[in-house]
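Chemist: Predicted structure and sequence below. I'll ask about it afterward.
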Amino acid sequence: MTRLSNRRSLHSRLTPANASSMRTYKIALLPGDGIGPEILDASLPPIEKAVAAAGGLRLEYTRHEAGAELFRRSGVALPDETLADCLAADAVLLAAIGMPDVRKPDGTEVQPEMMVGLRRAMGLHSAARPVKLYPGVRTPLADPGAGIDLVIVRENLEGLFASYGGGSIVEDQVATDTIVVTREGTAKVVDFAFRLARRRKGRPLDGKPRVTCVDKANVFRSFAFFRKVFFDVAKQYDDITADSAYVDAMCLYLLNHPDAYDVLVMENQFGDILSDLTGGLVGGLGMAPSGEIGADKALFQPSHGSAPDIAGQGVANPAAMILSAAMMLEWLAAEQKDPQASEAARLLDDAVATALTDPRNHTRDLGGEATTRTFADAVTAALPG
């Protein structure tokens, strides 16, 4: 893919003059580290086929090196020109960032600095991590009830992560970090969660839409405030059930009755933890896509890491990468009122579901022997055209 110039923003409504023309979306690709480049490269053919089958749109890519390996060579993880391109793009599609042996002088990894920097620069206030059990994929639960199809929504800029780059260590004896919860930030993520619930089919148990606030409001003032703002915003959505639960209890509820939940919204660190827990219920992080959303910008990536222990072997599961691209297309559809982008997202998700029904397409993490390319090719084959 060659670098594109003369960008024009598509973050506006179509006018009648251009409404019937082919929509072109500029996508910044960040392959990153470890398994990142191989899962991204394997995912592009099914993405392109889904877009072609939907018709009426096309994707143009710019590809940039960023992450730990670049930092190892240059001392920079996210070059200014790469950040500028991410800000100018219609969406960013990232594969995997970080290597455990590449660290800054203070001993911390490069990945948090890059990701927090991207989130702050792009204003990505809400992170959505869908958790869906596809037919053919095993779950460790003896009885998942009516199924698992929920979304973990985490506030993305505040909470404990607001302390990134701050905190303090006093005389090698005391370390502190500070949690930050604001009304503005909390209202944004809660509003996002309710709007997301309106677009979904409700919880698997009975099809009723439900948004659950997950917190520790019985102990901490910050979380009690988070819950207060949650219910303040919930008043605007009287068509959706709003309730709350403590985070420790929610860990139990999700194991016992995952079908009772639809959208769960929470502070950043709690969301980071619960999304990994729920990922384990649906086949692992290889099945866990994610999207980070702002006012008019968004970044999409698998929830898993760079997995350097299997990098280059061609055995990584690309499902989360492909499903993250489907999320990207659905977001573009909503932002741009583009039904073709929504159709491409649906086709891509359906094709992943079809591929997963055949155990021969399962990668090692799903208990099979398929390669990265084998799975991606099966998804491509399941698409029309």
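Modeler: Cool, got the structure. A quick note: this is a predicted structure, and the numbers were derived from the prediction, not measured. Numbering: from 1, shown residues only.
Chemist: Now stretch 206-222: buried residues?
Modeler: 209-217, 222 (16 or more other CB atoms under 10 Å). No exception for glycine: its C-beta is placed from N, CA and C like everyone else's.
Chemist: same deal with stretch 262-272?
Modeler: 262-268, 270-272.
Chemist: Looking at it now, give me its mean pLDDT.
Modeler: Average pLDDT, stretch 262-272: 96.
Chemist: need the contact list for the spatially most central residue of the chain.
Modeler: For the chain, residue 290 is the residue whose C-alpha lies nearest the centre (CA atoms, centre = their mean; 1.2 Å). For residue 290, the contacting residues are 127-130, 275, 300-303, 324, 327, by CB atoms under 8 Å, 6 or more residues apart in numbering.
Chemist: which residues in the stretch 101-250 of the chain form strands?
Modeler: With DSSP state E, counting those that start in this stretch as the criterion, the stretch 101-250 of the chain has strands at 126-132, 149-155, 168-170, 174-176, 210-215, 241-246.
Chemist: got these as TSV, with mean pLDDT columns?
Modeler: Converted to TSV, those look like this (pLDDT from 0 to 100):
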stretch	mean pLDDT
strand 126-132	98
strand 149-155	98
strand 168-170	86
strand 174-176	90
strand 210-215	98
strand 241-246	98
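Chemist: In TSV, list those along with distance to residue 82.
Modeler: Shown next, in TSV, are those (distance: least, CB to CB, whole Å):
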stretch	distance to residue 82
strand 126-132	21
strand 149-155	25
strand 168-170	31
strand 174-176	33
strand 210-215	34
strand 241-246	40
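Chemist: mind checking which of those is nearest residue 286?
Modeler: strand 126-132 (13.0 Å; CB to CB).
Chemist: Quick one: the helices in the stretch 1-150 of the chain, in order.
Modeler: 36-54, 68-74, 80-88, 110-122 (DSSP state H, counting those that start in this stretch).
Chemist: how about TSV for those, with mean neighbour count and mean pLDDT added?
Modeler: Conversion of the helices of the stretch 1-150 of the chain to TSV gives the following (neighbours: other CB atoms under 10 Å; pLDDT from 0 to 100):
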stretch	mean neighbour count	mean pLDDT
helix 36-54	23	98
helix 68-74	18	95
helix 80-88	16	97
helix 110-122	19	90
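Chemist: Can you check which of those gets nearest to residue 159?
Modeler: Closest of these to residue 159 is helix 110-122, at 12.1 Å (criterion: CB to CB).
Chemist: State the distance from the residue nearest to the centre of the chain to residue 79.
Modeler: Remark: distance between residue 290 and residue 79 (CB to CB, to the nearest Å) = 24 Å.
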